[in-house]
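K.L.:
pasted the sequence and its predicted model underneath.
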Amino acid sequence: MTPVPFKNLLNPVCSKNTLRFLAVLFLAAQLYGCREKPKKEPSKSEEISVLRQPAEYESQEAIWLIWPPEDHLQKYSNEKVTLEIIEALVEHEKIIVSASNDRIFQRAKDNIPKKYLENNSVELLKIPSEELWVRDMGPNFVELTNGKKAIVDFGFNAWGYTDSNNMDDYTIRMEKYDAQIAKLQNLPIIKSKLISEGGNREVNGKGILMLTETVEKGRNPQMSIPEMEAEFKRTLGVEKVIWLQEGLKEDDHTFKGPIQLENGELAYTAVTTNGHIDEFARFINDSTILLASVKPEDLTDPIAAENHKRMEANYNILKNATDQNGNPFRIIRMPLPKLIVEEMKPGDAVYDFISELSYEDSTVFPKKKPVNVIAAASYLNFLIADHVVIAQKYYREGMDKEIEARDQEIKELLEELFPNRKIVMLDALAINFGGGGIHCITMNEPLLTPNKE
């Protein structure tokens, strides 16, 4: 076929061959235009990553609890404390309770008021676990840059009581707990090489993380502070980390050995964490920090005197720290309770555990004989919920009336600090004698704004 001159293509009077040629060109252009364009690879800035971990005082979707598998001290009921927390929250909060096996699931079902389960204000799940410390081994909910939720899975080595390289089944069940929740809720998991518990991390939701240095260093001896900071920034979306030095003396690791009381006797700590921050320093908004203090009248107690030294060192760090806008924090001091000691004996869960420890100071545990154990007591180990703050009180009939007066002082301070929330003070000594408090056995799940994409 003779090639069609270019000028003929523009001529309104065309040959049959010219028309066919035009049709082929038109069809080819249409096919090319409909062809799927290659997908553009997302840039670094477009990749989905952690935006932030919302603060506890922000809106919440649910509060998580684990039904207690046992009591720490025979005459103190963990179930009673758990039920009182449910009662304090249930009017306003969705509550999710997990049970580790069929027996404990049935016990929870029998004890939780039937109306709460029927109207779904309390949801009961069966998830393998150990213990009840959901704050430490439970789901660390974060907000992603796409507005959705994920769970950060930190490592867990039973608060430093287990060899991280040779974990037993007990520790493995706890370590896997958060991943099981992620699977149940169909949430992505962000895995971290850091060993870190929720009770040692306080965030203000605006980019600031506050934690205890001795705890994080002890859990991660192979990592430097800059390496840990980089990992916290990746996994929690924080911009700045405030490293407080040490926690409370009565929160020192139990295997360090017993400590001396004011009367000269020795006492053991209650399988404690070595200084979790939720015992002594808390964010109540993005620019205000509550920090523990020791009352002058308590300084004759050697444990209180050591706490005073540690808390003043932490105060000096905080008063030189700045918030996300470069401004100083408002720091409010909250008194610690008087030391509370109880005798434990064989058959008490804590006694049975600490009797088998190897002590760094060469202590020989007096097996089969009662020992003194110090409660991990603190007014700062409270839970902030949407409408309620659940805090701890310590006075019981027969105790020094000064303890009752201090309970009231703390309640009034919390009412001043949280004017829009009801303050509920619970007797949580059963939990304290296990090494933690109300904050330790609860975990808040944040309510995120729906994705607008």
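P.N.:
Perfect, I can see it now.
K.L.:
and I431, what element?
P.N.:
In the assignment (DSSP states H and E), I431 maps to helix 429-432.
K.L.:
next: E216.
P.N.:
With DSSP H and E as criterion, E216 is part of helix 213-219.
K.L.:
can you name the element that comes right after that helix?
P.N.:
helix 225-236.
K.L.:
contact partners of the next helix-or-strand element following that following helix?
P.N.:
Using DSSP H and E, the helix or strand that follows helix 225-236 in sequence is strand 240-244. Applying C-beta atoms under 8 Å, 6 or more residues apart in numbering, the set of residues contacting strand 240-244 from outside is 207-213, 225, 229, 232-233, 277, 281, 314, 317-318, 321, 324. Where you see a C-beta, it was placed from the backbone N, CA and C, and this is true even at glycine.
K.L.:
show me where the stretch 151-300 of the chain has its strands.
P.N.:
189-195, 201-203, 208-212, 240-244, 259-260, 266-269, 281-285, 288-293 (DSSP state E, counting those that start in this stretch).
K.L.:
the fourth one - what's its average pLDDT?
P.N.:
On average, the pLDDT along strand 240-244 is 98.
K.L.:
can you list the strands that it pairs with?
P.N.:
Strand pairing for strand 240-244, using DSSP bridges, gives strand 208-212 (parallel).
K.L.:
chain center to the partner strand, what's the gap?
P.N.:
Offset of strand 208-212 from its chain centre (C-alpha atoms, centre = their mean, to the nearest Å): 12 Å.
K.L.:
which parts of it are buried?
P.N.:
208-212 (16 or more other C-beta atoms under 10 Å).
K.L.:
how about stretch 136-147?
P.N.:
So for stretch 136-147, counting by 16+ other C-beta under 10 Å, buried means 136-144.
K.L.:
need those residues in TSV with secondary structure and distance to F382, can you?
P.N.:
Shown next, in TSV, are the buried residues of stretch 136-147 (DSSP: H, G, I helix; E, B strand; the rest coil; distance: C-beta to C-beta, whole Å):
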residue	secondary structure	distance to F382
D136	helix	16
M137	helix	20
G138	coil	17
P139	coil	20
N140	strand	19
F141	strand	19
V142	strand	22
E143	strand	24
L144	strand	29
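K.L.:
let me know the closest of these to K256.
P.N.:
Nearest to K256 among the buried residues of stretch 136-147: D136, at 19.4 Å, using C-beta to C-beta.
K.L.:
wait, doesn't the closest one sit right on E197?
P.N.:
Yes - using C-beta atoms under 8 Å, D136 is in contact with E197, at 3.7 Å.
K.L.:
who touches both of these two?
P.N.:
By C-beta under 8 Å, 6+ apart, the residues touching both D136 and E197 are 156, 159, 273.
K.L.:
residues making contact with the helix holding I431?
P.N.:
With C-beta under 8 Å, 6+ apart as the criterion, helix 429-432 contacts 71-73, 76-78, 80-81, 270, 340, 375-377, 392, 394, 396, 437-438, 440-441.
K.L.:
give me that answer again for 10 Å
P.N.:
Residues from elsewhere that reach helix 429-432 (C-beta atoms under 10 Å, 6 or more residues apart in numbering): 68, 71-73, 75-82, 85, 132-133, 250, 270, 337, 340, 342, 374-378, 381, 392-394, 396, 437-441.
K.L.:
ok, of these, which come out buried?
P.N.:
Counted by 16+ other C-beta under 10 Å, the contacts of helix 429-432 give 68, 71-73, 76, 78-82, 85, 132-133, 250, 270, 337, 340, 342, 374-378, 381, 392-394, 437-441 as buried.
K.L.:
count the neighbours of the residue lying closest to E239 once chain neighbours are set aside for me.
P.N.:
Once flanking residues are discounted, E239 sits nearest to G207: 3.8 Å by C-beta to C-beta, 6 or more residues apart in numbering. Neighbour count of G207, defined by other C-beta atoms under 10 Å: 18.
K.L.:
quick one, what contacts G207?
P.N.:
Contacts of G207 by C-beta under 10 Å, 6+ apart are 52-53, 233, 236-240, 286, 323-325.
K.L.:
closest one of the residues you listed to A304?
P.N.:
Of all the contacts of G207, A304 sits closest to D323, with 30.2 Å by C-beta to C-beta.
K.L.:
that closest one reaches I331, doesn't it?
P.N.:
No - with contact defined as C-beta atoms under 10 Å, D323 does not reach I331; the gap is 11.5 Å.
K.L.:
hey, what's in contact with both of the two?
P.N.:
288-289.
K.L.:
which one of the two has more residues nearby?
P.N.:
Neighbours were counted for D323 and for I331 using other C-beta under 10 Å; D323 has more, 20 against 15.
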